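Chemist: Sharing a sequence plus its predicted fold:
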Amino acid sequence: MSTLRQGLGTGAAETGEEPKAGPRSGQAQRRLRGSVRALLRRHLLFSLALGLAVVPRVIVMLGFQPAILFKLDTYDYLWDAAHLIPNVANPGGYSLFLVLLKPFHSLMLIAGLQHLLGLMVAVLVYAVLRRFGVSDWLATLAAAPVLFSPSEFLLEQLIMADFLALLLLIAALAVLLLRQEPSVWRTVTAGLLMGASAVVRPTALPLIALMALYLLVRRAGWRRVCAVLASGALPVVLYMAWFASANGNFNITNSSGLFLWSRTMTFANCGIIKPPANLQALCPNRQRGIPNRPPGQRQQPKLYLWNHDAWQWQNPQAPGLVPDIAAFTSVNNARAMQFAERAIEAQPLAYAAVVARDALHPFTKSNLFVFPGQSGNTGRLGPDNRRYALAALKAYTGSTGSVGPYLGPHFGEQFVNPYGHLIRGYQKVIDLPGPVFGLILLVGLGGIFVPRRRLAASALLLACAVVTILFPIAEHEYNYRYVIPAVPLACMAAALAFRNRSQETPDKPDEPAPPVTEPAAA
């Protein structure tokens, strides 16, 4: 049709007639440009911050090419995307996202798209706060950690699931909160987004229930509560069915019990637990290769999980190229879960103590999730992991490319100067100190208990932040990478404590209201 209109316009010009489509199109373009300019003027401070946040992201992409590959997890996601199979250790939602980009065979494209979506996360944070009447400068300040935090840049540059989970989580909450009275379709959309986030990282599973609780508190009606629960469960159930078709058991992974068992290794005392004979091999003092120490002096949980002399790795190695999957069977997972449940039931206070201790780390310990200072080295991976990493790269991109020689056991990328050093210097100056993050959480918590500042949305955001921090720690261990999604949530809750109710954006109907027929006399 557009070609036909252009042809008609040309014919009219040739015959000397007045073209009709051209002026209309020009007016539409002028109106669009005017609307964009008005929007930028209305949100000038945030627009400037958004434009400025592009600069460090470009430097990151130039300094760490084509992207940053993290341990063996990255190669698992690439391998699973290339072969379209669910992973037994980590949920495969991110691999399904990578499948969509596989035809382009570009890791740099993935990183670039994630950086653009990172800016979109900041836009969503700002939009929600402005809708609730938060001033433009405070809403921009609340979005600043997403815009300028080096940890956020690193998360976006990684070929890892964490950023996609963050994006879907924030998008789900934004859809729910951008209207004071969300429609059924909005609640369905929010549930689907949060369910998709749970398929990427299971940390989001409890947040589906929190959204339903928020709707109950708001008295939004049972239709909306049931809609958000059902739509949130749908992506999870569909993924579990896919996992069952490939692995024979209806689950998200075969690793939840093993992760929780590794968590109990920091405090478990089999003299108190008294496990049955079939579980005694799971006791801390029975793990070969790790010295037997009293609780409080033991190794980190991940060392028990990946200790190849431990009980879970004694099964015959799985054939094929993919390493480190022999332990993650449904039998081992169920056995580990039985021990973990017994340990927590027998020593609840010890379990709560280790979780509470690690939960304080983001507010007291220095952030170790930082950009690497040099490229990796393929030789340090070991022959089996090196062969697998190169095969995963080739399966997804078609070749190992220039990044092949730079794959390391922790990070893998080509470190390019001077851009890499610029970001390394940037992260030494710009950061979110742990005590400041703790203060932000306290401000948000205070806003909930002050009657004039109390808001159900603040409670939802703060609860989501706390669950996002605690869930990975309760299941396995602390890592600042797991804390990053909680930062924008806490900032939003704190900013809402200072909102101006008179400036709240009134709801607009999601669908146009039917026309009202007036009497003929009128």
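Modeler: Ah, there it is. Since this is a predicted model, take the numbers as computed values, not measurements. Residues are numbered from 1 along each chain as shown.

Chemist: Tell me the spacing between Leu78 and Gln299.
Modeler: Using C-beta to C-beta, to the nearest Å, we find Leu78 at a distance of 30 Å from Gln299. C-betas here are computed from N, CA, C, even on glycine.

Chemist: which one of these two has more residues nearby?
Modeler: Between Leu78 and Gln299, counting by other C-beta atoms under 10 Å, Leu78 is the more crowded of the two (25 against 16).

Chemist: Verify the stated contact: the more buried one with Ala391.
Modeler: No - contact criterion C-beta atoms under 8 Å: Leu78 and Ala391 do not qualify, at 9.5 Å.

Chemist: For Gln414, what are phi and psi?
Modeler: Gln414 adopts backbone torsions of phi -100, psi 110, taken as degrees, to the nearest 10.

Chemist: quick one: contacts for it?
Modeler: Gln414 makes contacts with 64-66, 375, 402-403, 406, as judged by C-beta atoms under 8 Å, 6 or more residues apart in numbering.

Chemist: State the distance from it to Tyr75.
Modeler: 16 Å.

Chemist: Sketch out the strands for this structure, chain order is fine.
Modeler: Counting by DSSP state E, the chain has strands at residues 64-70, 411-415.

Chemist: With just CA atoms, put the shortest one into PDB.
Modeler: In PDB, the C-alpha atoms belonging to strand 411-415 read as follows (Å, rounded to 0.1, in the frame of the first residue of the first chain):
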ATOM      1  CA  PHE A 411      36.500 -14.700  32.800                       C
ATOM      2  CA  GLY A 412      37.100 -15.000  29.100                       C
ATOM      3  CA  GLU A 413      37.400 -12.000  26.800                       C
ATOM      4  CA  GLN A 414      39.800 -10.000  24.700                       C
ATOM      5  CA  PHE A 415      41.000  -7.200  26.900                       C
END
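
Chemist: Report the distance from it to the chain centre.
Modeler: Distance of strand 411-415 from the chain centroid (C-alpha atoms, centre = their mean, to the nearest Å) equals 22 Å.

Chemist: List the buried residues in that strand.
Modeler: Of the residues in strand 411-415, 411-415 count as buried by neighbour count, 16 or more other C-beta atoms under 10 Å.

Chemist: re the thing from before, quick one, which of the contacts of Gln414 are buried?
Modeler: 64-66, 375, 403, 406.

Chemist: still on that earlier bit, closest one of the contacts of Gln414 to Ala230?
Modeler: Nearest to Ala230 out of those is Pro66 (C-beta to C-beta; 40.2 Å).

Chemist: List the contacts of that closest one.
Modeler: Counting by C-beta under 8 Å, 6+ apart, Pro66 has contacts 106-108, 111, 401-403, 413-414.

Chemist: Give me the distance between it and Phe163.
Modeler: If you measure Pro66 against Phe163 using C-beta to C-beta, the figure is 16 Å.

Chemist: Can you tell me the closest non-neighbouring residue to Tyr94?
Modeler: Nearest non-adjacent residue to Tyr94, counting by C-beta to C-beta, 6 or more residues apart in numbering: Ala161, 3.6 Å away.

Chemist: what about the one you found, neighbour count?
Modeler: For Ala161, the count of nearby residues is 24 (other C-beta under 10 Å).

Chemist: all helices of the stretch 101-250 of the chain, in order?
Modeler: Using DSSP state H, counting those that start in this stretch, the helices assigned to the stretch 101-250 of the chain run over residues 107-131, 136-148, 150-157, 162-177, 184-200, 205-217, 222-247.

Chemist: Format the ones you listed as TSV; extra columns: mean pLDDT.
Modeler: As requested, those are exported to TSV (pLDDT from 0 to 100):
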stretch	mean pLDDT
helix 107-131	97
helix 136-148	97
helix 150-157	97
helix 162-177	98
helix 184-200	97
helix 205-217	96
helix 222-247	97
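
Chemist: Glu504 is nearest to which of those?
Modeler: Among these, the nearest to Glu504 by C-beta to C-beta is helix 107-131 (7.1 Å).

Chemist: Report the distance from the closest one to the chain centre.
Modeler: Chain-centre distance of helix 107-131: 12 Å, with C-alpha atoms, centre = their mean.

Chemist: Show me what it packs onto, helices and strands only.
Modeler: Applying 3 or more C-beta pairs under 8 Å, 6 or more residues apart in numbering; DSSP states H and E, we find helix 107-131 packed against helix 44-63, strand 64-70, helix 93-101, helix 136-148, helix 150-157, helix 162-177, helix 486-496.

Chemist: Let me know the distance separating the nearest residue to Ala391 once chain neighbours are set aside from Ala327.
Modeler: Nearest residue to Ala391 in three dimensions, chain neighbours excluded: Leu321, at 5.7 Å (C-beta to C-beta, 6+ apart). Per C-beta to C-beta, Leu321 is found 17 Å from Ala327.

Chemist: again, but for Ala495
Modeler: For Ala495, the distance to Ala327 - C-beta to C-beta - is 44 Å.

Chemist: Just want to know which of those two has more residues nearby.
Modeler: Taking neighbours as other C-beta under 10 Å, Ala495 and Ala327 compare with Ala495 leading, 28 against 24.

Chemist: If we ignore the residues flanking it in sequence, what's nearest that one?
Modeler: Ala142 (4.1 Å).

Chemist: Now do the contacts for that neighbour.
Modeler: 125-126, 129, 134, 488, 491-492, 494-495.

Chemist: I'd like to know how many residues surround Gln114.
Modeler: Gln114 has 21 nearby residues by other C-beta under 10 Å.

Chemist: Before I go, just wanted to say thanks for your time.
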